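Visitor: Here is the input, now give the coordinates:
(3 chains)
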Amino acid sequence: MRYDDFEELRITISDKIAEWQIIRPEKLNAMRHKTFWEIMELGRRLNTDPEVRAVVATHEGRGFSAGADLTAEDPGAESSSNPRPGKNDSMGVSGVGMAMPLIDKPTIAAIDGVCAGAGMSLALSFDIRIVGPNANFLTIFTRRALGPDCGLTYHLPRLVGQGKALELMYTSRDVRAEEAVRIGLANTLVDDPRAYALEMARELADGPPLSLMWEKREVMHTWEASLQEQIEFEWSAQKQIEQSSDVREGKRAFIEKRKANFTGR
Amino acid sequence: MRYDDFEELRITISDKIAEWQIIRPEKLNAMRHKTFWEIMELGRRLNTDPEVRAVVATHEGRGFSAGADLTAEDPGAESSSNPRPGKNDSMGVSGVGMAMPLIDKPTIAAIDGVCAGAGMSLALSFDIRIVGPNANFLTIFTRRALGPDCGLTYHLPRLVGQGKALELMYTSRDVRAEEAVRIGLANTLVDDPRAYALEMARELADGPPLSLMWEKREVMHTWEASLQEQIEFEWSAQKQIEQSSDVREGKRAFIEKRKANFTGR
Amino acid sequence: MRYDDFEELRITISDKIAEWQIIRPEKLNAMRHKTFWEIMELGRRLNTDPEVRAVVATHEGRGFSAGADLTAEDPGAESSSNPRPGKNDSMGVSGVGMAMPLIDKPTIAAIDGVCAGAGMSLALSFDIRIVGPNANFLTIFTRRALGPDCGLTYHLPRLVGQGKALELMYTSRDVRAEEAVRIGLANTLVDDPRAYALEMARELADGPPLSLMWEKREVMHTWEASLQEQIEFEWSAQKQIEQSSDVREGKRAFIEKRKANFTGR
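Guide: Take a look at the predicted model:
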């Protein structure tokens, strides 16, 4: 898969791990139209790229992403990395909130700066958030008299509960790293979130792809399912997974006391 | 809007903030039939009153509300503040649990006393709970051999998780202020919850009404939506909000370095 | 109700409390085919047994249950305690995740050892988890290249949030007792979880059965309901509960200052 046509993003594929970042650190990595559409296109490619087994988003500078910066910029011409949607698309730029969830592979955000507005929505759309001491989450939409978008109202109440979610959206107040972990917004606080996230991605990239894929899909499925439906969904997936060569490889590796070599087949 | 016909409630509208309380402090503000119906009617009026932009419930004495007190009292005659529902109404007095959620404006409960039974259900139906050192939550229904009502089983598992929710309902044990904050039942513990809540309401009453309204609606919508449906719902609202004069006013105020004057139009 | 035909489980009924455990402590109570099917059958009997008003699962040795042990064993012949499902059953052994939830009575797990894989799924299917200092939760499925089953993906995100749920499933890392309580996986950490759980069960077994039954059913119902639907569901149940003699007995006992004698009628 090629990634050299992206203009707003830097993507590095190395040993089954894709690391990507927005490359506007001087603007706290605020997202222009083109940035949104490139992230959506990136999601599609990472999902189908057989060389990629785990995804880590990192950032340079003080911002993971300061959110949308849609005013000053032209939407950008259509291009291979920017197949921008029509005007009547049902979610416009806010489709960026689907980019990471639709990747059937683990995604981790390494955050040591500000996540504001759509930048916070994007951060919450990763499976796992590793934060550093400078992480700071702000909903910000209300300060601009706008509504939340890009999936903020999907993830926030599911992560921190309805009462805390409304408080954070109503007030746009800062949530610093320590509180973020305490209330469930982030998984872990470490000094070097990028190093920690890449190490975690290393383990996951060597893990069994089908198992990881179904864990992600099943968690996305669970909120709309009854207990019975969810157990049936899990079981139906399990029947497929059990046919994979990875299950047999896992058993062999255990017996032979060696690391398993999983392929996702 | 007039509020002087309420008999069970005291309502004060001041500078876009509605403060209300049940006026039976000697009974820990336990609710009679008439109280339930007046709260439902109050919700309808506050929702449509253009002079009201934020709602705060407070209380006098040691009880926010000790719950239902339905035995000794006559249901009360029908009146302007008491349009009591028919006998076959689908939720009877427990419709009180819809009163605050159906207000398209931020609602805050300032709690420095006991919330028991339907009083706890009512407390959990506010968007935000600010508690003082004397706050105490008890489900109480099981102690009376009754089932929970007024929406307790909607809010409690969403705020504290399924395991803690069942424990609290099975045992009716006390949850004091500090634990309430720790497990997600309340937002913040302060010495003077009424002052804190009114200050927060001040900020919200000056905020952009459409933004706040949609944040509340979207959080209520989210539990039944898939990620895609929720992003589309957010986006559809955003398209409406963007047409409002408040978005333009917000930008102008930012440029002119002054406080924005939001109108909700 | 007879329980002496179970081969994999020990069941003791005493004073309205059913205590049960898997009897393979030397294998950390890992579950064979027969174990799964016996637990499902046990659930059906405990649900209908009028002598049982609360259920506590305990364990001997270092494992609550180390999960599925399906390889070395024959599925076992069909028997009264083992009405094993057909090959095309929609959930196979993973139906064990329905066994405790389908009991219309409080269920408590007393855990002072390892819960791994399906053993963790089983543990999370109890209404309440009391843990001791040796409790340890591991998802483990990914280590075996399998998908999660037995309802893990139903309960885990609802107890600890989506981000933490994915982290625990992706990494299979240990969650010890203290963290389990902090993140919402367990209710309470005590030195002797069995004694604590039995004492809690004592209180619940003497409690009003209809109230407890509906609390459990309503919490299971809530995730798929809107606020309005949930209040209507609660209210509809309340109308039934109010007709019960237990509500009258509760009032009489309160007036006569004695302990109520609830019957569930």
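Visitor: For A:Thr153, pull up the helix or strand it's in.
Guide: A:Thr153 is located in helix A:152-160, with elements delineated by DSSP states H and E.
Visitor: Counting by contacts, list what that helix packs against.
Guide: helix A:118-124, helix A:162-171, helix B:209-222, helix B:227-242, helix C:162-171 (3 or more CB pairs under 8 Å, 6 or more residues apart in numbering or on different chains; DSSP states H and E). Bear in mind the C-beta positions are built from the backbone N, C-alpha and C, glycine included.
Visitor: Point out the most buried one among those.
Guide: The highest mean neighbour count among the helices and strands packed on helix A:152-160, using mean count of other CB atoms under 10 Å in any protein chain shown, belongs to helix A:118-124: a mean of 28.
Visitor: That one vs chain B: in contact?
Guide: No - shown here: helix A:118-124 not in contact with chain B (CB under 8 Å from any CB of the partner chain), separated by at least 9.0 Å.
Visitor: CA atoms only: put whichever helix or strand comes after that helix into CSV for me.
Guide: Next helix or strand after helix A:118-124 toward the C-terminus (DSSP H and E): strand A:128-131. Extracted as CSV, the C-alpha positions of strand A:128-131 are listed here (Å, rounded to 0.1, in the frame of the first residue of the first chain):
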residue,chain,number,x,y,z
ILE,A,128,-6.9,2.9,23.7
ARG,A,129,-5.5,6.3,24.9
ILE,A,130,-2.1,6.5,26.5
VAL,A,131,-1.5,10.0,27.9
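Visitor: ok, back up a step: what comes up buried for the helix holding A:Thr153?
Guide: For helix A:152-160, the neighbour count (16 or more other CB atoms under 10 Å in any protein chain shown) marks A:Leu152, A:Thr153, A:Tyr154, A:His155, A:Leu156, A:Pro157, A:Arg158, A:Leu159, A:Val160 as buried.
Visitor: pretty sure the fifth one is touching A:Leu124, no?
Guide: Just to be clear, that refers to A:Leu156. Yes - counting by CB atoms under 8 Å, A:Leu124 is a contact partner of A:Leu156 at 6.5 Å.
Visitor: in the stretch 51-200 of chain A, which spans are strands?
Guide: With DSSP state E, counting those that start in this stretch as the criterion, the stretch 51-200 of chain A has strands at A:54-57, A:63-65, A:107-111, A:114-116, A:128-131, A:136-138, A:175-176, A:188-189.
Visitor: now those in CSV, with distance to chain C and mean neighbour count?
Guide: As requested, the strands of the stretch 51-200 of chain A are arranged in CSV below (distance: least, CB to the nearest CB, whole Å; neighbours: other CB atoms under 10 Å in any protein chain shown):
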stretch, distance to chain C, mean neighbour count
strand A:54-57, 9, 28
strand A:63-65, 15, 29
strand A:107-111, 9, 28
strand A:114-116, 14, 28
strand A:128-131, 5, 28
strand A:136-138, 13, 23
strand A:175-176, 14, 18
strand A:188-189, 8, 18
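Visitor: near chain B, which residues of the stretch 1-150 of chain A?
Guide: Counting by CB under 8 Å from any CB, the stretch 1-150 of chain A sits next to chain B at A:90-92, A:94-95, A:97-98, A:101, A:141-150.
Visitor: Which among the strands of the stretch 51-200 of chain A is found nearest to B:Ser226?
Guide: In terms of CB to CB, the element of the strands of the stretch 51-200 of chain A nearest to B:Ser226 is strand A:107-111, at 18.1 Å.
Visitor: And the closest one, what does it pack against?
Guide: strand A:54-57, strand A:128-131, helix A:193-205.
Visitor: Format those as a markdown table; extra columns: mean pLDDT.
Guide: Listed next are the helices and strands packed on strand A:107-111 as a markdown table, based on pLDDT from 0 to 100:
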| stretch | mean pLDDT |
| --- | --- |
| strand A:54-57 | 98 |
| strand A:128-131 | 98 |
| helix A:193-205 | 98 |
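Visitor: mind putting the ones you listed in CSV, distance to A:Gly63 included?
Guide: Formatted as CSV, these follow (distance: least, CB to CB, whole Å):
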stretch, distance to A:Gly63
strand A:54-57, 13
strand A:128-131, 14
helix A:193-205, 14
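Visitor: Out of the ones you listed, the one nearest C:Gly264 is which?
Guide: Across those, closest to C:Gly264 is strand A:128-131 (CB to CB), at 45.5 Å.
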